[in-house]
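In: would you be able to build a 3D model of this:
(3 chains)
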Amino acid sequence: MNSIDLAIALFLLGNLVVALVAAARGPTAADRMLMALLFGSTGTGILVLLAQAMGMPTLVDVALLLALLAAIGGVAFAKRAWQGDGHD
Amino acid sequence: MIDAIGTLLPIVGALFYAAGTLGLLRFPDVYSRLHALAKADNLGLGCVLLGLALQAEDLAVSLKLLLIWPLALAASSAVSYAIARRAAHLGVKPWRRDSP
Amino acid sequence: MSLAFDVLLALSLIWSGVRCLSVERLDRAIVLFIAFGLLMALAWARLAAPDIGLAEAAIGAGLTGALLLDAWGALKRRRP
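Out: Got it, this is the predicted structure:
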């Protein structure tokens, strides 16, 4: 059971790395910010899988916090940072 | 039976995550990427959380795992709404098949 | 399996840190900084230190990222 959870966490981490490499050369600022949101949801998944695989229920709290604070970054981007000027 | 479902659901969730990442990499404009990210990824997260809640020994841990999902749904829909509204306000055109 | 996870995590951590410092544009550096904070939180979780992971997820990935994005927006508003 535990090794299956760790394998899924490894798969999700691979997902994350692919998105990270794409984010570094993404076309517009909004796309890069969407990658950051993807990191939030995928990171939550990886953390709950690690909590089960390592037998550490405390990591669920870290996942909860990450799910909350990824949203703050996204809202800060949409409301304060994204000014347009040619969708650079 | 419960164990089998609890093992199978995270695998299904991982497939949804892969679909979300693929959509994010391949879709043509901000709105469709937002659609892939907000829906597929949160469904994947829901599958993973439900499977892990079935695997967990402690009832409190299961309930906490299930509590993450509505929180993630609310946060993700709020962020998607804010980004899509900002994009529409800045005049980002939705992609069409005949547009370049 | 766990060795593969750790190696991939460490390599992506180093890569995102180097890119965050070497990239030219500020917005890319901010997104890479957020990604670095999240990977660092995962690394602390993997090292069985959930308390430091909690602090890193809150400060590194969440609040500092939002503050940096806000500062970047203020810079762009100041000199258009």
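
In: what about the lowest-mean-pLDDT helix or strand in chain B and chain C, touching?
Out: Across the helices and strands of chain B, mean pLDDT, DSSP states H and E gives its lowest value to helix B:30-35, namely a mean of 86. No: judged by CB under 8 Å from any CB of the partner chain, helix B:30-35 stays clear of chain C, getting no closer than 14.6 Å. Yep, even glycine has a C-beta here, placed from its N, CA and C like the rest.

In: residue closest to the middle of chain A?
Out: Note on chain A: the residue nearest the mean C-alpha position is A:F39, at 1.4 Å, using CA atoms, centre = their mean.

In: for it, what are its contacts?
Out: A:16, A:19-20, A:70, C:34-35, C:38, C:61 (CB atoms under 8 Å, 6 or more residues apart in numbering or on different chains).

In: find me the pLDDT at it, would you?
Out: pLDDT for A:F39: 83.

In: which of the three states applies to it?
Out: For A:F39, the assignment made with DSSP: H, G, I helix; E, B strand; the rest coil gives helix.

In: A:Q52 now?
Out: helix.

In: helices of the chain, start to end?
Out: All of this is about chain A. A:2-24, A:29-53, A:59-76 (DSSP state H).

In: not what I meant, chain B
Out: B:2-26, B:30-35, B:41-55, B:59-89.

In: let's have these in JSON lines, adding distance to A:L6 and mean neighbour count.
Out: Converted to JSON lines, the helices of chain B look like this (distance: least, CB to CB, whole Å; neighbours: other CB atoms under 10 Å in any protein chain shown):
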{"stretch": "helix B:2-26", "distance to A:L6": "11", "mean neighbour count": "18"}
{"stretch": "helix B:30-35", "distance to A:L6": "30", "mean neighbour count": "20"}
{"stretch": "helix B:41-55", "distance to A:L6": "13", "mean neighbour count": "23"}
{"stretch": "helix B:59-89", "distance to A:L6": "17", "mean neighbour count": "17"}
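
In: of all these, which one is nearest C:S16?
Out: helix B:2-26 (16.8 Å; CB to CB).

In: counting by contacts, list what the closest one packs against.
Out: In terms of contacts (3 or more CB pairs under 8 Å, 6 or more residues apart in numbering or on different chains; DSSP states H and E), helix B:2-26 is packed against helix A:2-24, helix A:29-53, helix B:30-35, helix B:41-55.

In: quick one: that helix to helix B:41-55, angle?
Out: Here helix B:2-26 runs at an angle of 160 degrees relative to helix B:41-55 (axes from the mean of the first three to the mean of the last three CA atoms, to 10 degrees).

In: ok, residues contacting helix B:2-26?
Out: A:1, A:4-5, A:8, A:11-12, A:15, A:18-19, A:22, A:34-35, A:38, A:42, A:45, A:49, B:32-33, B:35-37, B:39-41, B:43-48, B:50-52, B:54-55.

In: and the angle from it to helix A:2-24?
Out: Helix B:2-26 and helix A:2-24 are oriented at 10 degrees to each other (the same axes, to 10 degrees).

In: hang on, the earlier thing: how about a markdown table for the helices and strands packed on helix B:2-26, with distance to B:V61 added?
Out: Formatted as a markdown table, the helices and strands packed on helix B:2-26 follow (distance: least, CB to CB, whole Å):
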| stretch | distance to B:V61 |
| --- | --- |
| helix A:2-24 | 14 |
| helix A:29-53 | 8 |
| helix B:30-35 | 32 |
| helix B:41-55 | 8 |
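
In: mind listing what C:L32 touches?
Out: Contacts of C:L32 (CB under 8 Å, 6+ apart): A:23-24, C:16, C:19-20, C:23.

In: sorry, back to before: tell me the one among the contacts of A:F39 nearest to chain B.
Out: The closest of those to chain B turns out to be A:A19 (CB to the nearest CB; 5.5 Å).

In: verify the contact between the closest one and A:L38 for me.
Out: Yes: in this structure, A:A19 is within contact of A:L38 by CB atoms under 8 Å, at 5.3 Å.

In: show me which of these two is the more surrounded one.
Out: Between A:A19 and A:L38, counting by other CB atoms under 10 Å in any protein chain shown, A:L38 is the more crowded of the two (26 against 23).
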